[in-house]
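Participant: sequence? don't have it. structure:
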């Protein structure tokens, strides 16, 4: 489809990613083996290939293994994928979980040193765009969508555009496009839940244009009845596995269940009750920090709602409750818009707080010590220069600043997105100095 002049491009999700890299013992499902029809089988039987394999093995006799490993660690992921077909020994080494972990660590250190971290921008062109209650968006008459990577720098230069061809037929989608739920070690989790709750879920590796389509979850309308749901995506550092967490609340809100998809197992777990029981907000943004996923949640007690943070430990798969800042009355939270995030260094839980009606203020909070309520610290508050104006909606922390985007962004707004970010950085600097 062509982009019509005058239509809007709406970057409605930006998240921090170090780069597009593999991690864990599940790399075979995302590009290294024929599983899930993600790549071609290796050729090992014909004489020319056998000769090449022998020459590489002979070269390995002259180069120490640590030298070969250090060279391969410095290659980009696309080159590494090619190298898996050079010879059996290289393929075995590159797909080994220890090498994958070392390669990821090397790239993160390189990005930290040279300031080359990347941000993923998902932009859509459509005729109508809007937001309902909580965090869900409505996109009508989608014309085009664009995925692009940008340097997490002051000027926000574009690194590259990423071609995306959905493997799910349009007629089978519940929404006009996927929602980016989360990014973990360069793998992107997409869900068909932008405004309607569908069952199409995908883990996508943009670097090599490969993806895994998840099977349908167990809790569906035909098996469960009416429900609300929110999702999360995270990496289990203990089992070296990627997991999708799906929290499902019965309508009219009697009980809340959880089911977990394991990429290593390729299946969903049996559903079980969430403990503690609570209500969820549809489309609530996830925050993955300290080995746990976090969402804003609530429960009804003494004729009022009490708001708190629901945390899910990815390794133990147990829930726990974390409290909001003491100065933020959990009863009054129903009049506020709470949005969890992760600090710029990726080490702390953060939160944006706005009034839910006209965005007349924005408070930025960070939990300095994990799971300690007293460590919640308000970094600063922002107000519009004109009291009649509304503040722009925050999306996430950058390495140094906050990325923000308006509720509705015209097509030409992408060209001055950089200027908008500079203005916000200057405003933040003035607030800190005061």
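Facilitator: Received it, and whenever you're ready, just let me know what you need. Here the structure is a predicted model, which means the values were calculated and not measured.

Participant: so what's residue 313 up against?
Facilitator: Residue 313 sits next to 291, 292, 319, 320 when contact means CB atoms under 8 Å, 6 or more residues apart in numbering. Bear in mind the C-beta positions are built from the backbone N, C-alpha and C, glycine included.

Participant: okay, it: pLDDT?
Facilitator: Listed pLDDT for residue 313 reads 97.

Participant: cool, and residue 236?
Facilitator: 95.

Participant: Any stretches of the stretch 1-150 of the chain with poor pLDDT?
Facilitator: 1-61, 125-143 (pLDDT under 70).

Participant: now the stretch 301-434 of the chain
Facilitator: 302-303, 329-334, 357-359, 400-434.

Participant: Could I get the full set of helices for it?
Facilitator: Along the stretch 301-434 of the chain, counting by DSSP state H, counting those that start in this stretch, helices occupy 417-433.

Participant: rewinding a little: neighbour-wise, which one of the contacts of residue 313 leads?
Facilitator: residue 292 (23 neighbours; other CB atoms under 10 Å).

Participant: which residues does that residue bridge with?
Facilitator: Here residue 292 sits in beta bridges with residue 289, residue 313, going by DSSP bridges.

Participant: In terms of helices and strands, where is the residue nearest the centre of the chain?
Facilitator: Central residue of the chain (CA atoms, centre = their mean): residue 182, 1.6 Å from the mean position. Residue 182 is part of strand 179-184, with elements assigned from DSSP states H and E.

Participant: Show me what that strand is packed up against.
Facilitator: In terms of contacts (3 or more CB pairs under 8 Å, 6 or more residues apart in numbering; DSSP states H and E), strand 179-184 is packed against strand 8-17, strand 118-131, strand 187-191, strand 227-236.

Participant: so how far is residue 249 from the nearest residue to residue 300 once chain neighbours are set aside?
Facilitator: Sequence neighbours aside, residue 279 is the residue nearest to residue 300 in space, at 7.3 Å (criterion: CB to CB, 6 or more residues apart in numbering). The gap separating residue 279 from residue 249 is 6 Å, by CB to CB, to the nearest Å.

Participant: The two: who's more crowded?
Facilitator: residue 249 (23 against 15).

Participant: part of a helix, is that one?
Facilitator: No: if the criterion is DSSP: H, G, I helix; E, B strand; the rest coil, then residue 249 is strand and not within a helix.

Participant: Any figure for the gap between it and residue 383?
Facilitator: Residue 249 sits at a distance of 35 Å from residue 383 (criterion: CB to CB).

Participant: List phi and psi for residue 151.
Facilitator: Residue 151 has phi and psi values of phi -70, psi 140 when expressed as degrees, to the nearest 10.

Participant: Near the closest residue to it other than its chain neighbours, how many other residues are there?
Facilitator: Nearest non-adjacent residue to residue 151, counting by CB to CB, 6+ apart: residue 157, 4.9 Å away. Around residue 157 there are 11 other residues, counting by other CB under 10 Å.

Participant: circling back to that earlier point, list the residues that contact the residue nearest to residue 300.
Facilitator: Per CB under 8 Å, 6+ apart, neighbours of residue 279: 249, 253, 256, 297, 298, 299, 300, 305.

Participant: Flag every buried residue along stretch 255-264.
Facilitator: Neighbour-count burial for stretch 255-264, counted by 16 or more other CB atoms under 10 Å, picks out 256, 257, 258, 259, 260, 261, 262, 263, 264.

Participant: Could you pull up the contacting residues of the closest residue to residue 201 other than its chain neighbours?
Facilitator: In space, and not counting its chain neighbours, residue 201 is closest to residue 214: 4.0 Å by CB to CB, 6+ apart. By CB under 8 Å, 6+ apart, residue 214 lies in contact with 201, 202, 203, 244, 261, 268.

Participant: Let's see if you can find the most crowded of those.
Facilitator: Busiest of these [other CB under 10 Å] is residue 201, holding 25 neighbours.

Participant: Wait, residue 356 touches residue 336, no?
Facilitator: Yes: counting by CB atoms under 8 Å, residue 356 does reach residue 336; the two are 5.8 Å apart.

Participant: Which residue of those two possesses the greater neighbour count?
Facilitator: Applying other CB under 10 Å to residue 356 and residue 336 shows that residue 336 carries more neighbours, namely 18 against 13.

Participant: how near is the more buried one to residue 354?
Facilitator: 7 Å.

Participant: Repeat that for residue 283.
Facilitator: 16 Å.

Participant: Between the two, tell me which one has more neighbours.
Facilitator: residue 283 (23 against 20).

Participant: Assumed the more buried one was part of a helix.
Facilitator: No: under three-state DSSP, residue 283 falls outside any helix and is assigned coil.

Participant: so how far is residue 364 from it?
Facilitator: Counting by CB to CB, the gap from residue 283 to residue 364 is 21 Å.

Participant: Can you tell me the SS state at residue 165?
Facilitator: coil.

Participant: just to revisit the earlier point, go through the contacts of residue 313 and name the one nearest residue 103.
Facilitator: residue 291 (21.2 Å; CB to CB).

Participant: Okay, the residue nearest to residue 209 when sequence neighbours are not counted and residue 206: tell me how far apart.
Facilitator: Leaving aside its sequence neighbours, residue 209 sits nearest to residue 163 (CB to CB, 6+ apart; 6.8 Å). With distances taken as CB to CB, residue 163 is found 9 Å from residue 206.

Participant: Settle it for me: which of those two has more neighbours?
Facilitator: Under the criterion of other CB under 10 Å, the comparison of residue 163 against residue 206 puts residue 206 first, with 20 against 9.

Participant: What is the neighbour count of the closest residue to the more buried one other than its chain neighbours?
Facilitator: In space, residue 206 comes closest to residue 162 once its chain neighbours are excluded; the distance is 4.7 Å by CB to CB, 6+ apart. By the measure other CB under 10 Å, the count of residues near residue 162 is 18.

Participant: go on, residue 265?
Facilitator: 13.
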